[in-house]
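Visitor: Only the shape, not the letters, is given here:
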């Protein structure tokens, strides 16, 4: 199932089952059946249909939504092998850690928003009638060191746009890993028909502004005194790019 795919259900219980799994990220069959108070026979039938339709899959002894997993990419960066791949539910703890590490610097407000969403949600990947979300992670060895995240509006009038955030642990910056992650997110958006990506940063984060400009993003607007950081008012720099207009 693509995260851009419209969800359709012909049974209310089937929709409830999908939504329960989607909301919880990873959950056992017994937990879903108890949570929805479904008859075992009906539960088994609905689950079979959802798995056949490609909405739900089983990983080990847990159920997850069955989103498309893109092929992982490997890159040589300063003697290290950097793997860029679709994030999975099993990555939640390490992903939360790296997003929190960037958000704690206080210079990337959108990262703080992503961190708050991950802290609140039980799921990494979301796809429902209101919102969809995916992450790609960058790994060095077994360590997740960065991410690129796309928030995908379900509202028809905004369905051609997405909000992108990208972040990297401080000790891995300046090596080109951030570019690999940004390029992966932009490429995914381009391949799935998106026409505009947005990202906003405080004007005081000159490094982030320059990084995005170097990769084809433009300043679309500035909201004066939008943030208050350390008791000082700071402008918000609203940046955008048309993913169709920039290459890999």
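Guide: Alright, I've got the coordinates. A quick note: this is a predicted structure, and the numbers were derived from the prediction, not measured. Numbering: from 1, shown residues only.
Visitor: where does this structure have low pLDDT?
Guide: By pLDDT under 70, the low-scoring segments of the chain are 247-248.
Visitor: Start from the N-terminal end of it and give the helices.
Guide: Ranges of helices in the chain, per DSSP state H, are 12-24, 29-36, 40-52, 92-103, 109-120, 177-191, 206-214.
Visitor: could you dump those to TSV with distance to residue 160 and mean neighbour count?
Guide: Using the backbone N, CA and C atoms, a C-beta is placed for each residue, glycine as well. Listed next are the helices of the chain as TSV, based on distance: least, Cβ to Cβ, whole Å; neighbours: other Cβ atoms under 10 Å:
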stretch	distance to residue 160	mean neighbour count
helix 12-24	23	19
helix 29-36	34	16
helix 40-52	29	15
helix 92-103	26	19
helix 109-120	20	18
helix 177-191	10	21
helix 206-214	20	15
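Visitor: out of those helices, nearest to residue 152?
Guide: Among the helices of the chain, helix 177-191 comes nearest to residue 152, with 9.0 Å by Cβ to Cβ.
Visitor: show me what contacts residue 138?
Guide: Residues in contact with residue 138, defined by Cβ atoms under 8 Å, 6 or more residues apart in numbering, are 82, 83, 84, 144, 145, 146, 147, 168, 177, 180, 181.
Visitor: Pairing partners for it in the sheet, please.
Guide: Applying DSSP bridges to residue 138 gives these bridge partners: residue 84, residue 146.
Visitor: Then residue 62?
Guide: Beta-bridge partners of residue 62, as defined by DSSP bridges: residue 59.
Visitor: count of neighbours near it?
Guide: By other Cβ atoms under 10 Å, 18 other residues sit near residue 62.
Visitor: I'd say it and residue 25 touch.
Guide: No. The criterion here is Cβ atoms under 8 Å, and residue 62 misses it with residue 25 at 9.0 Å.
Visitor: quick one: which of the helices of the chain is nearest residue 245?
Guide: helix 177-191 (9.1 Å).
Visitor: For that closest one, which outside residues touch it?
Guide: 70, 73, 75, 77, 82, 84, 134, 136, 138, 140, 145-150, 162, 164, 166, 168, 197, 211-212, 215, 241, 243-244, 246, 248.
Visitor: beta partners of residue 133?
Guide: Residue 133 forms beta bridges with residue 126, residue 151, as assigned by DSSP bridges.
Visitor: can you pull the contacts of residue 141?
Guide: residue 80.
Visitor: Quick check: it vs residue 82, distance?
Guide: Per Cβ to Cβ, to the nearest Å, residue 141 is found 10 Å from residue 82.
Visitor: Grab the nearest non-local neighbour of residue 224.
Guide: residue 235 (5.3 Å; Cβ to Cβ, 6 or more residues apart in numbering).
Visitor: and the one you found, how many neighbours does it have?
Guide: Other residues close to residue 235 by other Cβ under 10 Å number 15.
Visitor: Residue 224 now?
Guide: Residue 224: 9 neighbours (other Cβ under 10 Å).
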